Each structure stands twice: as structure tokens, then as C-alpha cells.
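Colleague: I need the structure of the sequence given here:
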Amino acid sequence: MSSVGNIGGRYFVPTILRPQCAIIAIGKAHTFAKYREEEGDFVPAQAVNFSISADHRVLDGATVAHFATRMKSLIENPNLMLLNMN
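Modeller: Purely as a prediction, here's the structure:
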């Protein structure tokens, strides 16, 4: 895993080095205005960008996409990390 969040970077694309088959890049969390249609107003929300570079000779793209979706759900709801998820 690689992070540029500690130096203020919001997004970057990681480079795979041997013997890695994948690497995740995590940017800095940032606040933005999120529109709520129900109330018709804006509220502050936080987001963080992450990207995954994978060697498709080793990993199937669908597997990487599933992992990214799972990682997104865990970042959005960290309490899920306490549950046993087989």
C-alpha cells in the first residue's frame, strides 16, 4: 500500500514493482458539499480517493473490482471490520 495523504496528495496512480501483483494508493481525506434531495440542502461530507493497480496476468479484473467494492464498504462503515466475514 502506498499513501500520499500525509503529504497532502488527494489522488495518484501506484506503480507495481516486482514481485508485487497489485498495489493500493490512498489519498488524503477531503470535505465536500453533498446535496440531500429529501431536505433540499447541502451538508458537509468526507471522501477519500483510492485506486488499485493490478497485474492482470496474475489477478482477474473481476476479482480486483470485487476487492475494491469490499474495501469501499469497509471504509464507509468501519464497524463491519469487527464482524466475522467469510
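Colleague: who does the residue nearest the centre of the chain bridge with?
Modeller: Centroid check for the chain by C-alpha atoms, centre = their mean gives Phe50 as the closest residue, at 3.5 Å. Note on Phe50: beta-bridge partners by DSSP bridges are Ile26.
Colleague: just the helices in this structure please.
Modeller: Assigned by DSSP state H, the helices in the chain fall at 61-76.
Colleague: where does it have its least confident helix or strand?
Modeller: strand 2-3 (a mean of 56; mean pLDDT, DSSP states H and E).
Colleague: ok, Ala22 touching Arg57?
Modeller: No - using C-beta atoms under 8 Å as the test, Ala22 is too far from Arg57 to be in contact (11.4 Å). (Glycine included, C-beta is placed from N, CA and C.)
Colleague: which of the two has more neighbours?
Modeller: Ala22 (16 against 6; other C-beta atoms under 10 Å).
Colleague: Leaving out chain neighbours, which residue sits closest to the more buried one?
Modeller: The shortest distance from Ala22 to any non-neighbouring residue, by C-beta to C-beta, 6 or more residues apart in numbering, is to Ala54 (4.1 Å).
Colleague: who touches that neighbour in this structure?
Modeller: 16, 21-22, 61, 64 (C-beta atoms under 8 Å, 6 or more residues apart in numbering).
Colleague: Can you add distance to Asn77 and give those back as a markdown table?
Modeller: Rendered in a markdown table, the data for the contacts of Ala54 read as follows (distance: C-beta to C-beta, whole Å):
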| residue | distance to Asn77 |
| --- | --- |
| Ile16 | 29 |
| Cys21 | 28 |
| Ala22 | 23 |
| Gly61 | 25 |
| Val64 | 21 |
